[in-house]
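Chemist: Please work out how this folds:
(one chain, ligands or ions: 1)
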Amino acid sequence: MQELGRLEDLPQGYRDELKERNLVPLWPSLRGVLPPKVPTRQTQPTHWPYQTLRPLLLKAGELTPIEKAERRVLVLANPGHGLEKMQASAAIYLGMQLLMPGEWAPSHRHTPNAVRMIVEGEGAYTTVDGMKCPMSRGDLILTPTGLWHEHGHDGTAPVIWLDVLDLPLVYYMEASYHINGDRQTVVPGQGDKHYARGGILPSPVFERSNKAYPMLRYAWSDVKAALLAMADDEASVEALQITYVNPETGGDVENILGFYALMLRPGQTLRLPARSPAQVFHVIEGSMEVKVLDSTFTLAEADTCCAPGYEAVTLKNLNAGKPSFIFMADESPLHRKLGVYEHRG
Ligand code: 1HN
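Modeler: As a prediction, the model looks like this:
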């Protein structure tokens, strides 16, 4: 490949004059911004074990009252991006949030989209757009762009969840901001009940919902039952995977990040082919080994890790007697919408 001219090859006077006029020569930086064949990725394979994170999060509960935090979160930051950037990947933010019994995280709304995957505890809830969504282990609750949301806790033990947001991208776009609000009035019902079964949708007076986000809570009991039913029905299917979708459109639940759950049969190894989006893995039940590039992570229950895009990932269920269940998040909707999605077999 042709070596391009360097900045040092240019006379100092010329460089100074360019700088003064806010001009930059492209060719010394061209290979940097447009590397051959595969992008440069700052996203490093990174593993955040729950057993080491949990005591530090509980300590934050003692050190910082909820009023001083609004959201009491330890961010799972990728060292490849620099910890202060608070990014797991180019577009994904991850954080573990703690809510103690009786605490309340006040209502706000913001431009980044969020979801929460409940990791531990019972009795907490998120109210989203007036809909009170109870939190139980493995449930996925959406707080999409612009919707009011607040968290409360009527239980007796700490509740911890994993927040997944597209904050790094929305911040990069200079489009990230929030608005604080008053405590929401809870509307009756619990939206997800209306969409609990595949293939049928509510259609009062023949009209289907025109809400952008008709379903805000995806109960783990339903998702697990679907995966087990698939496994039972088709022994030959290698990848037992579901996508969290908007039940009215069949599209991804949110605009930027995609969310999935995967079941690994006892002892199963599954190779996920290289695709352009970065990915996050979080163990809901069981344990697994994750191999990407030269990293091999052993993930226990509630552990989280991330993998850069353009790399194959191999998952192995470390339990020979039981299935393991994994929650995944990736940047696929973003890549597809922007036309840069790639699958490299
Ligand atoms: C947020 O609104 C929540 O509502 C959690 O629980 C984490 C991280 C960055 C920006 C907003 C929440 C967040 C966040």
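
Chemist: Give me the mean pLDDT for stretch 160-170.
Modeler: Across stretch 160-170, the average pLDDT comes to 98.

Chemist: which parts of the protein sit against the ligand?
Modeler: Taking CB under 6 Å from any ligand atom as the contact definition, the chain meets the ligand at 71, 73, 95, 97, 105, 110, 114, 149, 163, 165, 167. Heads up, the C-betas are built off the backbone N, CA and C, glycines and all.

Chemist: ok, of those residues, which come out buried?
Modeler: Applying a neighbour-count criterion of 16 or more other CB atoms under 10 Å, the buried members of those are 73, 95, 97, 105, 110, 114, 149, 163, 165, 167.

Chemist: beta partners for the first one?
Modeler: Translated: residue 73. When bridges are assigned using DSSP bridges, the partners listed for residue 73 are residue 97.

Chemist: do the same with the fifth one
Modeler: Taking DSSP bridges as the rule, residue 110 bridges to residue 178.

Chemist: check contacts around it.
Modeler: Residue 110 makes contact with 145-146, 176-179 under the criterion CB atoms under 8 Å, 6 or more residues apart in numbering.

Chemist: Out of these, the closest to the ligand would be?
Modeler: When the contacts of residue 110 are compared for distance to the ligand (CB to the nearest ligand atom), residue 178 wins out at 6.8 Å.

Chemist: is it true that the closest one touches residue 107?
Modeler: No. Checked against CB atoms under 8 Å, the pair residue 178 and residue 107 is beyond contact range at 10.6 Å.

Chemist: between these two, who's got more neighbours?
Modeler: For residue 178 versus residue 107, the count of surrounding residues by other CB atoms under 10 Å is larger for residue 107: 17 against 11.

Chemist: how deep is the closest residue to residue 307 other than its chain neighbours tucked in, by neighbour count?
Modeler: Nearest residue to residue 307 in three dimensions, chain neighbours excluded: residue 292, at 4.2 Å (CB to CB, 6 or more residues apart in numbering). In terms of burial, residue 292 registers 22 neighbours under the definition other CB under 10 Å.

Chemist: Ok, residue 320 next?
Modeler: Number of residues near residue 320 (other CB under 10 Å) recorded here: 8.

Chemist: Check the secondary structure at it for me.
Modeler: Under the three-state scheme (DSSP: H, G, I helix; E, B strand; the rest coil), residue 320 adopts coil.

Chemist: how about the nearest residue to it, chain neighbours excluded?
Modeler: residue 267 (4.5 Å).

Chemist: hang on, the earlier thing: what sits against the residue nearest to residue 307?
Modeler: Taking CB under 8 Å, 6+ apart, we find residue 292 in contact with 45, 307-308, 311-314.

Chemist: and these, which are buried?
Modeler: Among those, the ones that count as buried (16+ other CB under 10 Å) are 45, 307-308, 311, 313.

Chemist: got a pLDDT number for the residue lying closest to residue 344 once chain neighbours are set aside?
Modeler: Ranked by CB to CB, 6+ apart and with sequence neighbours excluded, the top spatial neighbour of residue 344 is residue 274, at 4.1 Å. Model confidence at residue 274, given as pLDDT, is 98.
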